[in-house]
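**Q** Let's see this in three dimensions:
(one chain, ligands or ions: 2)
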Amino acid sequence: MALAADQEPTSPRPVVEVAVGVLINGAGAVLLGQRPDGKPYAGYWEFPGGKVEFGETLFAALSRELQEEIDVCIDQAEEFMVLEHDYPHAYVRLHICLVKSWQGQPRGLENQALGWLNIKDIDRLSIAGFDPVLPATLPILEKLKNLEVF
Ligand SMILES: Nc1nc2c([nH]c(=O)n2[C@H]2C[C@H](O)[C@@H](COP(=O)(O)OP(=O)(O)OP(=O)(O)O)O2)c(=O)[nH]1
Ligand SMILES: [Mg+2]
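**A** Ligands and ions are numbered 1, 2, ... in the order given. Here you go, the predicted model:
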């Protein structure tokens, strides 16, 4: 018996692995960037990062992306959480790392705005000037509220 179109088995969507860096400074603030024009969800705030390339370790991908996007060289990274999200443009798996030590002053190399958000202001994103945030970035911010910073 033929299956109706909406019952046909669908091939799984490829998973796009993404390395995401949460830079935390000495004042308990995290760095967000605004997605540049031309990318899906342009204008939305996110943590710096991007797609892991074939054969790359997570740390190598994170180091490369943060160099390319915000011109910093990271000294270390700690795994913080992993989450998946099904966007219309891609099914992504985000590997989120905390970065507490880096070299250089962050600056937007893709003409993107950057800003430091104090963890205490996570419930006031709009007032703090970080609205809208990417849908899959919100659970990261939720978990950061529970972080014992210092
Ligand atoms: N960097 C980053 N990506 C995120 C976050 N939240 C979230 O859903 N994403 C999604 C959006 C994208 O689909 C994907 C990251 O891809 P990207 O567009 O940053 O990739 P990329 O830097 O390699 O950019 P490109 O070279 O492909 O243009 O992960 C986040 O907080 N940071
Ligand atoms: Mg990126």
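**Q** for ligand 1, what are the nearby residues on the chain?
**A** Taking CB under 6 Å from any ligand atom, the part of the chain that reaches ligand 1 is made up of 18, 20, 39, 46-47, 49-51, 65, 85, 87, 90, 92, 94, 134, 136-137. Where you see a C-beta, it was placed from the backbone N, CA and C, and this is true even at glycine.
**Q** For the closest residue to Arg13 other than its chain neighbours, list each beta-bridge partner.
**A** Ranked by CB to CB, 6 or more residues apart in numbering and with sequence neighbours excluded, the top spatial neighbour of Arg13 is Tyr91, at 4.2 Å. Applying DSSP bridges to Tyr91 gives these bridge partners: Val15, Asp86.
**Q** thought Tyr91 was touching Val16?
**A** Yes: with contact defined as CB atoms under 8 Å, Tyr91 counts as touching Val16 (6.6 Å).
**Q** related to what we said a few turns ago, just the buried residues from the residues of the chain next to ligand 1, in PyMOL please.
**A** Only the buried entries of the residues of the chain next to ligand 1 go into this PyMOL selection, using 16 or more other CB atoms under 10 Å:
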select buried, resi 18+20+46+47+49+50+65+85+92+94+134+136+137
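**Q** Restricted to strands, list the residues of the chain next to ligand 1.
**A** The strands, defined by DSSP state E, take in Val18, Val20, Glu46, Gly49, Gly50, Lys51, His85, Val92, Leu94 from these.
**Q** Export only the CA atoms of the longest helix anywhere in the chain, formatted as PDB.
**A** The longest helix of the chain (DSSP state H) is helix 58-70. Listed next in PDB are the C-alpha coordinates belonging to helix 58-70 (Å, rounded to 0.1, in the frame of the first residue of the first chain):
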ATOM      1  CA  LEU A  58      36.200  21.600  18.100                       C
ATOM      2  CA  PHE A  59      38.900  23.700  19.700                       C
ATOM      3  CA  ALA A  60      40.600  24.300  16.300                       C
ATOM      4  CA  ALA A  61      37.300  25.400  14.800                       C
ATOM      5  CA  LEU A  62      36.500  27.700  17.700                       C
ATOM      6  CA  SER A  63      40.000  29.200  17.600                       C
ATOM      7  CA  ARG A  64      39.700  29.800  13.800                       C
ATOM      8  CA  GLU A  65      36.200  31.300  14.000                       C
ATOM      9  CA  LEU A  66      37.000  33.700  16.800                       C
ATOM     10  CA  GLN A  67      40.100  34.800  15.000                       C
ATOM     11  CA  GLU A  68      38.200  35.300  11.800                       C
ATOM     12  CA  GLU A  69      35.100  37.000  13.300                       C
ATOM     13  CA  ILE A  70      36.400  39.000  16.300                       C
END
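**Q** That's all I had, so thanks and see you.
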